[in-house]
Every structure is written in structure tokens, then in C-alpha cells.
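Peer 1: coords please:
(one chain, ligands or ions: 2)
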Amino acid sequence: MLVDAERLHIAVQKSGRLSDLSRKLLADAGLRIANGKNALTARIENFPADLMFVRDDDIPTFVADGVCEWGIVGENVLKEFALDEGEERCEVVAPLGFGHCTLKLAIPEAGEWRGADGLHGQRVATSYPAVVADWLARQGVAAEVVKMNGAVELAPRLGIAPVICDLVSTGATLEANGLKAVETVLESEAVLIRTRKPLAPVKAEQGERLCKRIDGVLGTRDAKYIMLNAPSEALPAITRLLPGAEAPTVLPLHGRPGHFAVHAVCRESVFWETLQELKGVGASAILVLPIEKMLP
Ligand code: PRT
Ligand code: ZN
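Peer 2: Ligands and ions are numbered 1, 2, ... in the order given. As a prediction, the model looks like this:
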């Protein structure tokens, strides 16, 4: 399939930790993705956009150059690119709530951590040399950064560097390699990015539509619709307890004077504890429903 100048291009990871969730986000935003995952591109059937499946490391370059106007990538990869380039040619539009990980310094378990100052004159092995060099500079530490493209956790055993800086999610990989995390350099999650290159008005407008759709998905992720019954004297306490709710709808209950039905959209997670508290102040027949779509 040829790149179509009339359509938006969205860069997503071809295969890896972010691929499935990136596709799911776009699907939840109502985009019908045509082809299978193995093609390099996929047409979106019901929106003027195509997906480009690429390696995550290439996504910032594609978006910065405007080859793809939009992309989904980890903040870790984006920050490495921006620091390496010395300028921010991609704009972060929204954090997406998945792909969470932390870039951490780690040393052998038996080692003693004496703080960032102890790194003076040391070597630090990492796949994120620009991010690590930036962090070291901000700590006022002069250490040598050694770039490794993979298997960073082997660096101490191989005598390449006594300290590493690598991505961690559960910490199992560090542990399996006899390492312990000692310092956080960067917290990361997947972000939606767009090019800073000026776009033709029609593409800019399509981008805005895409952005609104994704906002809609992100806004409803934790949102719930709560319905309950309550006597009038309990209404103020109930309104205070509803998490992240805007003005609830209060309707009189037929045949039960002084009793009302309360309906509310809660934009934050609704926990069992909250339901117990609602019950405690007089609510009954509490229902919590998922929200599929919301157009503010
Ligand atoms: O092929 P391509 O270049 O596209 O993919 P990739 O192999 O470079 O990246 P991939 O798919 O591994 O990760 C894509 C993105 O997912 C990263 O850039 C991060 O933004 C995010 N992410 C989230 C992670 C992790 N969690 C993670 N745990 N990326 C890597 N890891 C590594 C970690 O370094 C460790 O080696 O996974 C291993 C397991 O981690 P633990 O701590 O759970 O043991
Ligand atoms: Zn990669």
C-alpha cells in the first residue's frame, strides 16, 4: 500500500510490549483497523488514517520528520530521542495509562550504594545514554556512559560497567541477574505524540478529531455510572462521597415521599469501600455500571 498524502499516518510499535495495547486504544476510539499485524501498514476503514507498524525506536524520528503525523511510544524512547537531538520536534498530547516502567540504576546485590556522588569516575552501562548522561549532569556527577543495545543487565558480570541503568517493571530481571535497583532516573508510560511540523488544514482537523476520540476513551477508562436510592437527608453526604462526580441527577421515587434516586457519572475508580460508606450514610439499591462512550 502506498503512503497516501490525504490520510493521517499513525506510527505504532509493530510487535512488542506496546503493540497490542496501542491497537486496542485505537480500536476503543472506534477506529476499524483493516489488515493483520504482519503487514507494515494497515488502513483504517472508517477514518482517514493509516497505521504504520514500525520499531518503537523509529517512532520519534518518523513523527518528528512528519512522515507520520501521530504516534504512540514510550516516554523513555521519546526522551532519549529528544535529548539526543537537542530539540523537541514531537509534542506529547496525552499519557495513555499503559506501558508503565521505570528507568533505574542498578548495582550487584552485594554492592554498597553510596548515592549518586559515588558514581564519580565510574562507568554506567545503558541503552539510554542520552537520558542517563542528562541525569548524571543534573546530579553534577562526571561518570562515563557506555551504550549497550541489549543485555544491559550482564554488564557488571562481564566487567563492562559496575553500574547499569535499565528499564524495570516487575524487577524480576534485575533479581534474576543478581542486581538491585538503587535509584530512579525516569518514570515512563506510553504517550500519544504528534509532529510539530505544520500540517495542511484538512490533516490538522482530522488530527483534532482523532485526539477527541482518544480523549473520550481515556476519560471513560475509570469512569462509572452510579445509581442509588436515598432519603432526602442523606443527599448532601452522598454527593460528597461520590468520587469525581459532577452534579448528580436527583429524581423523586414514585410512591416513597422524601426518597430519591441519585444518578451520577463518577470519573474516578469506585471502590468497595466507597460503596460501604454510601450505604453507611443511608444509600440503598446501589448499582455501579461501566460507561462505554462519553461525549462531553
Ligand atoms: O522491536 P522494538 O524495538 O519495537 O521493541 P523493543 O524490544 O525495543 O521494546 P519492547 O517491546 O521490549 O518495549 C517497548 C516499550 O515498552 C519500552 O520502550 C517501554 O516504554 C515499555 N516497557 C514497559 C518496557 C517494560 N515495561 C519492560 N519491563 N520495556 C522493557 N522492559 C524490559 C525490562 O528492561 C526487562 O529487561 O522487560 C524486561 C522485564 O522487566 P521486569 O522488570 O518485569 O523483569
Ligand atoms: Zn526498540
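Peer 1: Point me to the residue of the stretch 151-296 of the chain nearest ligand 2.
Peer 2: The nearest approach of the stretch 151-296 of the chain to ligand 2 comes at Leu167, 10.6 Å away (Cβ to the ion). To be clear about C-beta, it is placed using only N, CA and C from the backbone, and glycine gets the same treatment.
Peer 1: What sits closest to that residue if chain neighbours are left out?
Peer 2: Cys101 (4.7 Å; Cβ to Cβ, 6 or more residues apart in numbering).
Peer 1: With Val146 instead?
Peer 2: Ala125 (4.6 Å).
Peer 1: doesn't Arg157 make contact with that neighbour?
Peer 2: No - judged on Cβ atoms under 8 Å, Ala125 makes no contact with Arg157 at a distance of 11.0 Å.
Peer 1: more neighbours, those two?
Peer 2: Neighbours of Ala125 and Arg157, each counted by other Cβ atoms under 10 Å, are more numerous for Ala125; the result is 25 against 11.
Peer 1: Packing partners of the helix or strand hosting the more buried one?
Peer 2: Element membership for Ala125, per DSSP states H and E: strand 123-126. In terms of contacts (3 or more Cβ pairs under 8 Å, 6 or more residues apart in numbering; DSSP states H and E), strand 123-126 is packed against helix 129-139, strand 144-147, strand 163-168.
Peer 1: Tabulate these (a markdown table), appending mean neighbour count.
Peer 2: A markdown table is the format used below for these (neighbours: other Cβ atoms under 10 Å):
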| stretch | mean neighbour count |
| --- | --- |
| helix 129-139 | 19 |
| strand 144-147 | 15 |
| strand 163-168 | 24 |
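Peer 1: picking that back up, how about the residue of the stretch 151-296 of the chain closest to ligand 2: which residues does it bridge to?
Peer 2: Here Leu167 sits in beta bridges with Leu103, going by DSSP bridges.
Peer 1: Contacts only, for it.
Peer 2: By Cβ atoms under 8 Å, 6 or more residues apart in numbering, the contact list for Leu167 reads Asn76, Cys101, Thr102, Leu103, Lys104, Ser188.
Peer 1: Leaving out chain neighbours, which residue sits closest to the first one?
Peer 2: Among residues not flanking Asn76 along the chain, Ser188 sits closest, at 4.2 Å (Cβ to Cβ, 6+ apart).
Peer 1: okay but Ser269 is in contact with Arg221, surely?
Peer 2: No - with contact defined as Cβ under 8 Å, Ser269 does not reach Arg221; the gap is 9.5 Å.
Peer 1: Adjacent strands (with direction) for the strand holding Ala125?
Peer 2: As assigned by DSSP bridges, strand 123-126 forms pairs with strand 144-147 (parallel), strand 163-168 (parallel).
Peer 1: and the next element down the chain from the longest one?
Peer 2: The one in question is strand 163-168. Next element after strand 163-168 (DSSP H and E): helix 172-176.
Peer 1: Ok, the first one next?
Peer 2: Taking DSSP H and E as the definition, the helix or strand that follows strand 144-147 towards the C-terminus is helix 155-158.
Peer 1: how much space is there between His59 and ligand 2?
Peer 2: If you look again at residue 59, you'll see it is Ile, not His. Using Cβ to the ion, to the nearest Å, Ile59 is found at 9 Å from ligand 2.
Peer 1: so after the longest strand seen in the chain, what's the next helix or strand?
Peer 2: If you go by DSSP state E, the chain has its longest strand at strand 179-188. Of the helices and strands lying after strand 179-188 in sequence (DSSP H and E), the nearest is strand 190-195.
Peer 1: Tell me how this structure divides into domains.
Peer 2: 8-99+190-219, 101-188, 224-290 (automatic domain parsing).
Peer 1: got these as CSV, with mean pLDDT columns?
Peer 2: As requested, the domains of the chain are arranged in CSV below (pLDDT from 0 to 100):
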stretch, mean pLDDT
domain 8-99+190-219, 94
domain 101-188, 97
domain 224-290, 92
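Peer 1: For the closest residue to Glu45 other than its chain neighbours, grab the count of nearby residues.
Peer 2: Leaving aside its sequence neighbours, Glu45 sits nearest to Arg32 (Cβ to Cβ, 6+ apart; 4.3 Å). Neighbourhood size, Arg32 [other Cβ under 10 Å]: 11.
Peer 1: Now do Arg32 against Phe47, distance only.
Peer 2: 8 Å (Cβ to Cβ, to the nearest Å).
Peer 1: again, but for Leu31
Peer 2: Distance from Leu31 to Phe47, counting by Cβ to Cβ: 5 Å.
Peer 1: In the strand or helix carrying Leu26, which residues are buried?
Peer 2: Per DSSP H and E: Leu26 is located in helix 19-28. Across helix 19-28, burial judged by 16 or more other Cβ atoms under 10 Å covers Ser19, Leu21, Ser22, Arg23, Leu25, Leu26, Asp28.
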